[in-house]
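Student: quick one, what's the 3D model for this:
(4 chains)
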Number of protein chains: 4
Amino acid sequence: MGIVLGPNQYGKAETHVVRIYRDTPRHRIRDLVVSTTLAGDFDAAHVSGDQSAVLPTDSQKNTVFAYAKEHGVDAIEDFALRLARHFVADVLGVTAARIEVDEYEWERINVGGKGHDHAFSRSGREVRTTAVTVDADGRVDVESGLKDLTVLKSTGSEFQGFLRDRYTTLADTTDRILATSLVVRWRYLGPDTDWSVAYSQIRDVLLERFASTHSKALQHTLWEMGRGVLETRQDVAEIRLTAPNKHHFAVDLSPFGLDNPGEVFFAADRPYGLIEATVRRDDHSQSR
Amino acid sequence: MGIVLGPNQYGKAETHVVRIYRDTPRHRIRDLVVSTTLAGDFDAAHVSGDQSAVLPTDSQKNTVFAYAKEHGVDAIEDFALRLARHFVADVLGVTAARIEVDEYEWERINVGGKGHDHAFSRSGREVRTTAVTVDADGRVDVESGLKDLTVLKSTGSEFQGFLRDRYTTLADTTDRILATSLVVRWRYLGPDTDWSVAYSQIRDVLLERFASTHSKALQHTLWEMGRGVLETRQDVAEIRLTAPNKHHFAVDLSPFGLDNPGEVFFAADRPYGLIEATVRRDDHSQSR
Amino acid sequence: MGIVLGPNQYGKAETHVVRIYRDTPRHRIRDLVVSTTLAGDFDAAHVSGDQSAVLPTDSQKNTVFAYAKEHGVDAIEDFALRLARHFVADVLGVTAARIEVDEYEWERINVGGKGHDHAFSRSGREVRTTAVTVDADGRVDVESGLKDLTVLKSTGSEFQGFLRDRYTTLADTTDRILATSLVVRWRYLGPDTDWSVAYSQIRDVLLERFASTHSKALQHTLWEMGRGVLETRQDVAEIRLTAPNKHHFAVDLSPFGLDNPGEVFFAADRPYGLIEATVRRDDHSQSR
Amino acid sequence: MGIVLGPNQYGKAETHVVRIYRDTPRHRIRDLVVSTTLAGDFDAAHVSGDQSAVLPTDSQKNTVFAYAKEHGVDAIEDFALRLARHFVADVLGVTAARIEVDEYEWERINVGGKGHDHAFSRSGREVRTTAVTVDADGRVDVESGLKDLTVLKSTGSEFQGFLRDRYTTLADTTDRILATSLVVRWRYLGPDTDWSVAYSQIRDVLLERFASTHSKALQHTLWEMGRGVLETRQDVAEIRLTAPNKHHFAVDLSPFGLDNPGEVFFAADRPYGLIEATVRRDDHSQSR
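Tutor: Residues are numbered from 1 along each chain as shown, chains lettered A, B, ... in the order given. As a prediction, the model looks like this:
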């Protein structure tokens, strides 16, 4: 019974590249953190230490910078696809490349009622993401998403009728705060769409459904959000939502002679509920 | 030569309180992290372990929650002043109270073109802050500010003509990216003003001056920002700006046969320049 | 073509429990962060909002605390197994439970040359981990590991003869610093072993192999570390190593008239190489 | 009433330098994060944008690297003093330099019962610190310390007889967990001592006093720790201790039919008590 190398991959993580477009006095800015990962036959690199099939991670980093110049930065999905296809096509021995991109958004600083030509401030808190995989057989997988989108409902959320066991002390509630910081990833059916239009629309649907759903549990809300996205975008195959239940506990003010009808809450850090759900089309047998 | 207790203080740090106003179906939300610190004659608590003059930090936390209910949360400066005055007036032995508040901003989720009644998302990235000190002699100090305001100029920034020594390798530049994540604190002349109007106006001035100044150095930009605030708000005595110089290095693409006229940058994490400046009115002899 | 719920799970993340054993004056301390995750048929909880099959995450947290009292905390693997088996056996509808535990180590404070009875300080930096899964069919999976083990070699590390492409500028090196912060997970063949003996032995082997291997690349070192563990512990089926290459760049001191033969390094934060490898026995067809 | 520049300073923060000593096959490693700050007459740099008196922060970073080679790294206090004196003496216009150093400790990896020649692992969790200020008048201030030293007592800690007000609900306790993560800074009387011997001895005293003191409050423990240091080291003028009270709440297990006599605790993150105390010699009138 021998010992062998199993699944392995390597790459350069978190190359932070800022691309300025200055063709006109009205500059544009793109701010990305890019991670590249290559898979292939790298047995010799591990077992005998022979690096002849290994493209240095330093070269991968250089490629990210060079591509930002040569090809520019359009939708992060396109940028990632271009990089992934390059590594698979042009680097001998690479059987699959996975490119992950986080994008930070900037907005123009307002000066005298107008957005400034070349001064920006970081806007919003959430991060747009994509993870693209291309393999040597031509299979392409695009999973885009967002993270750190923090939302809260101050009513319209209940949690009752749940299973009780020996260790259950929680009381039913018909009115609580529901808050979460969403991490969402959706997989596109194919490698061609208008990524940025899709992103904007999906973000809107997620927010609207979160707001509009009278929530019977965070699970229930996630389902409605995921369903809403699949109903809206026919090019999305499945969507995965990961949602920490950021507990807001109503403070007992009765020792101080005060009532507290849902007005004063302690926002706790840990522990937190963690709810994960996938919503998908039923003619697909996606697995993970 | 004996050993004695020197300056000391204690309190409860980072009580995270969320206050919901639900008097009408259109809820409002306030989201604060509050730290309370008390100073006084606490020698016995230290030296002999006698706690009879020590109000527990747990009681201070309770007070924050109770005040959020009893008095509500208006401008964070007013909330902090009320707490500080309470501790100094009502707790025997307290000679000074310092209350620090960070406020996180939320915006209504847009549903069908209108802001939702009770669903919110965290907006922006910067945090509004205040630090209020009240002492037993009636002195009041209000220092408000903001942090995590990240801004960038893609041109209009130079750095040249600087002092050179044996260890200097940096070249003059007439066009670079200037980026920083601002921490700003300004001290008000008195304890009464329309805090939220002032905050909004000061934030606007800071952004406008950052954008409009043709920068000869981050020091130069900070000066212009600080000056702008003092010119705009007569109720501000001084302003302190702390600004990490978030270096964006133009990537050398020449090994790949590419030029890079200010288009592709590596955004570095560490080390970073750190520039700190105070701007104040000259008829005051503020010291730190 | 309908829309359906796909894979989903939920639980309570990061319950921080400290268990003191005080049966004798010589106390013992265990310091754990526990996350519980349940899978099962929770379709109704999502789709119709019916929570009758959902044991609250609050109850899961209570269970962690109660088990720390009722059953005590032995090896984290045993603690996790006991919790997982409970959820699968006792909670109707649960088809699988996954329990993750991080353990922080404490050592006795030295007073007068002896370890104190009830005063401790946090020791070391690395965290011992386990992730245990039990399903309703009786399958048990135990993956233990460690994280945040930071190691460095100041010589005995080369990187040369690698693949070069258009974007390669890196030079061959026969002597560099090799540094990483290891995340390692190994899967045990079965649910019974002396977990803590195994942990200690595996940790030793990892460190020794890191030190003793003349490294031709981080991949090469990881392979030797993984191989060493499988050779030493017959009860380990496979081991996965995730290792950021924490780059230490030799500083060019020639502008200052100084040479730098491997003495002064800049420790960079980002980007970093990220190397991931699995080493396993070849009569198994583990996949992930 | 004009607007003027107030106190200002600038420098390079967090230069991470690793110095390897490889004169013999038995290497030694020093791992520092260095921040340099210069004060002086930099009015023109701010007000008119004239940088002719400003030594770039980039040059300061270069100086840190060059000094690590030219002068080596001995005690961090000596390294910081040398840098500070250089900036004040050799850079025109600098009236004061402040150098802060954090040092991370490494230990040799054990191979076959012996520490390896050139393989190391990060040891411990706490960080040794210093902050040295030198001004143009020859004044020298050395404040050394440590941070992230996490300690806990599982008994021997009470908190009772405290002041009670309307908002007090806390009960007296004669037996609780006392835990904190210490940040300590002590100021030396002069610029010459055996810094590393002093550090080691002070660290030992802090730990021993924490362990041995039957604590009536964290204030009481801090006083005893500080007093112990001043009694032990005549070269220390004052010591400041900042200690978050890391609350460990005994879990109420009675709903599950279990008692909990100080055995199972929930370790909370926020809010936390924050206790700050200075202990000093009474023939000094240090103030801060």
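Student: please identify which helix or strand holds the residue of the stretch 51-200 of chain A found nearest chain B.
Tutor: Of all residues in the stretch 51-200 of chain A, A:A119 sits closest to chain B, at 3.4 Å by CB to the nearest CB. Heads up, the C-betas are built off the backbone N, CA and C, glycines and all. Following DSSP states H and E, the helix or strand that holds A:A119 is strand A:114-122.
Student: how about the residues of the stretch 151-288 of chain A near chain B?
Tutor: Residues of the stretch 151-288 of chain A lying near chain B by CB under 8 Å from any CB of the partner chain: A:151-156, A:177, A:204, A:207-208, A:210-212, A:248, A:251, A:253, A:255-256, A:258, A:260-269.
Student: mind redoing it with 7 Å?
Tutor: A:151-156, A:207-208, A:210-212, A:248, A:251, A:253, A:256, A:258, A:260, A:262-267 (CB under 7 Å from any CB of the partner chain).
Student: just those residues that are near chain D?
Tutor: Okay, of those touching chain D (CB under 7 Å from any CB), that's A:F256.
Student: contacting residues for the closest residue to the residue of the stretch 51-200 of chain A closest to chain B other than its chain neighbours?
Tutor: If the residues on either side of it in the chain are set aside, A:A119 comes closest to B:A211, at 3.4 Å by CB to CB, 6 or more residues apart in numbering or on different chains. By CB atoms under 7 Å, 6 or more residues apart in numbering or on different chains, B:A211 lies in contact with A:I109, A:V111, A:H116, A:A119.
Student: for B:A211, phi and psi?
Tutor: Here is the backbone geometry of B:A211 (degrees, to the nearest 10): phi -70, psi -40.
Student: got a pLDDT number for the residue of the stretch 151-288 of chain A found nearest chain B?
Tutor: Using CB to the nearest CB, the point where the stretch 151-288 of chain A gets nearest to chain B is A:A211, with a distance of 3.4 Å. Per-residue pLDDT puts A:A211 at 98.
Student: and it, how close does it get to chain D?
Tutor: 28 Å (CB to the nearest CB, to the nearest Å).
Student: related to what we said a few turns ago, pull out the buried members of the residues of the stretch 151-288 of chain A next to chain B.
Tutor: A:151-156, A:207-208, A:210-212, A:248, A:251, A:253, A:256, A:260, A:262-267 (16 or more other CB atoms under 10 Å in any protein chain shown).
Student: number of residues surrounding A:E70?
Tutor: 14 (other CB atoms under 10 Å in any protein chain shown).
Student: got the phi/psi numbers for the nearest residue to it once chain neighbours are set aside?
Tutor: Nearest residue to A:E70, sequence neighbours excluded (CB to CB, 6+ apart): B:L258, at 6.4 Å. Per-residue torsions, B:L258: phi -120, psi 140 (degrees, to the nearest 10).
Student: residue ranges in chain A under the pLDDT threshold?
Tutor: Along chain A, the model assigns pLDDT under 70 to residues A:1, A:283-288.
Student: in it, which strand has the most residues?
Tutor: Identified as the longest strand of chain A according to DSSP state E is strand A:3-21.
Student: which residues are there in the stretch 51-200 of chain A that come within reach of chain C?
Tutor: Near chain C, when you scan the stretch 51-200 of chain A using CB under 7 Å from any CB, you find A:51-59, A:61-63, A:66, A:90-91, A:159-163, A:165, A:167-170.
Student: buried residues in the strand holding A:A119?
Tutor: A:H116, A:D117, A:H118, A:A119, A:F120, A:S121, A:R122.
Student: now for the closest residue to A:K246 other than its chain neighbours: which residues touch it?
Tutor: In this structure, A:K246 finds its nearest non-sequential neighbour in A:A179, 4.2 Å apart by CB to CB, 6+ apart. By CB under 7 Å, 6+ apart, the residues touching A:A179 are A:V151, A:L152, A:K246, A:H248.
Student: export those as TSV, with columns for secondary structure.
Tutor: Output for the contacts of A:A179, formatted as TSV (DSSP: H, G, I helix; E, B strand; the rest coil):
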residue	secondary structure
A:V151	strand
A:L152	strand
A:K246	coil
A:H248	strand
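Student: from the residues you listed, pick the one nearest D:S196.
Tutor: A:K246 (45.6 Å; CB to CB).
Student: what's the spacing between the closest one and B:R28?
Tutor: Remark: distance between A:K246 and B:R28 (CB to CB, to the nearest Å) = 19 Å.
Student: same question, A:W186
Tutor: For A:W186, the distance to B:R28 (CB to CB) stands at 33 Å.
Student: so for those two, which sits in the more crowded spot?
Tutor: Applying other CB under 10 Å to A:W186 and B:R28 shows that A:W186 carries more neighbours, namely 26 against 16.
Student: if that one is in a bridge, with which residues?
Tutor: A:S144, A:I239 (DSSP bridges).
Student: need the contact list for it.
Tutor: So A:W186 contacts A:E143, A:S144, A:G145, A:I202, A:V229, A:V236, A:E238, A:I239 (CB under 7 Å, 6+ apart).
Student: near chain D, which residues of chain A are found?
Tutor: Residues of chain A lying near chain D (CB under 7 Å from any CB): A:R166, A:Y167, A:T169, A:P255, A:F256, A:D269, A:R270.
Student: tell me the spatial nearest neighbour of the third one, not counting adjacent residues.
Tutor: By the measure of CB to CB, 6+ apart, the closest residue to A:T169 outside its immediate chain neighbours is D:P255, 5.1 Å from it.
Student: same question, the first one
Tutor: The shortest distance from A:R166 to any residue that is not its chain neighbour, by CB to CB, 6+ apart, is 6.4 Å, and that residue is D:F256.
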